[in-house]
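Asks: Pasting the sequence and the predicted model now:
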Amino acid sequence: PKFESVVGQPIPKTTIPEQASGSARYTDDVDVPSNTLYAAFVLVDAPNGTLQSVDATQALAMPGVFKYVDASSVPEGKNNVNGEPIFADKTVGYNGQCVGVILADTQSHADAAAMAVLCTVSGSVAPVLDITGARKDPSRFFKENVPPVVQGDVDAAFKTADFVIEGTACTGLQYHFYME
């Protein structure tokens, strides 16, 4: 049988009729039970360092707040996914890292309470903002002992190449637009 590639061929999006007609259902269209709790992440406002303390006292006293959950609420050994912490416990690796979650009766109550949690971080050092800076200090990487990916003989390829172009190319951060 002949293989027919779909690359370069128009393929209609299967959800177009529902989206164009307004009949598509999204998360916000689903009715939630009256006893639903809403969550808001508590994010640390420091580039890195040691998490000295987290004080949720003021947040827990706010209207509608049910509970504050952090690393101490998670069973021993379960506060990570693929080696990365779910909630920062002792070490803060980046600005905006999650240290906990506020649960409340409305999203606005949860959001306001999350902003009221006080996090104290000490020992912050200048953040690494690009790959050049990261290469200068490999100790700043979370993952250690990752072997380099090498395929073929790079030096031999350069020696036999008709042209060798040297320089640096940088691309910016890109957020992708997506629908549910």
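Replies: Okay, I see it.
Asks: okay, CA-based contacts and neighbour counts for the rest of this
Replies: Will do.
Asks: Downstream of the least confident helix or strand in the chain by mean pLDDT, the next helix or strand is which one?
Replies: Among the helical and strand segments of the chain, the one scoring lowest on mean pLDDT, DSSP states H and E is helix 131-136, with a mean of 79. Moving toward the C-terminus from helix 131-136, the next helix or strand (DSSP states H and E) is helix 154-160.
Asks: And the contacts of that following helix?
Replies: Val164 (CA atoms under 8 Å, 6 or more residues apart in numbering).
Asks: just how off-centre is the least confident helix or strand of the chain within its chain?
Replies: Relative to its parent chain, helix 131-136 has a centroid offset of 21 Å by CA atoms, centre = their mean, to the nearest Å.
Asks: go on, stretch 83-103?
Replies: 10 Å.
Asks: Only the buried residues of it, if you could.
Replies: Along stretch 83-103, these residues count as buried under the neighbour rule (16 or more other CA atoms under 10 Å): 85-89, 92-94, 97-103.
Asks: Show me which of those is closest to Asp137.
Replies: Using CA to CA, the shortest approach to Asp137 within the buried residues of stretch 83-103 belongs to Gly93, at 14.2 Å.
Asks: If we ignore the residues flanking it in sequence, what's nearest that closest one?
Replies: Across the structure, with CA to CA, 6 or more residues apart in numbering as the measure, the residue nearest Gly93 apart from its sequence neighbours is Asn48 (4.7 Å).
Asks: isn't the one you found right up against Asn95?
Replies: Yes - Asn48 is in contact with Asn95 according to CA atoms under 8 Å; the separation is 6.5 Å.
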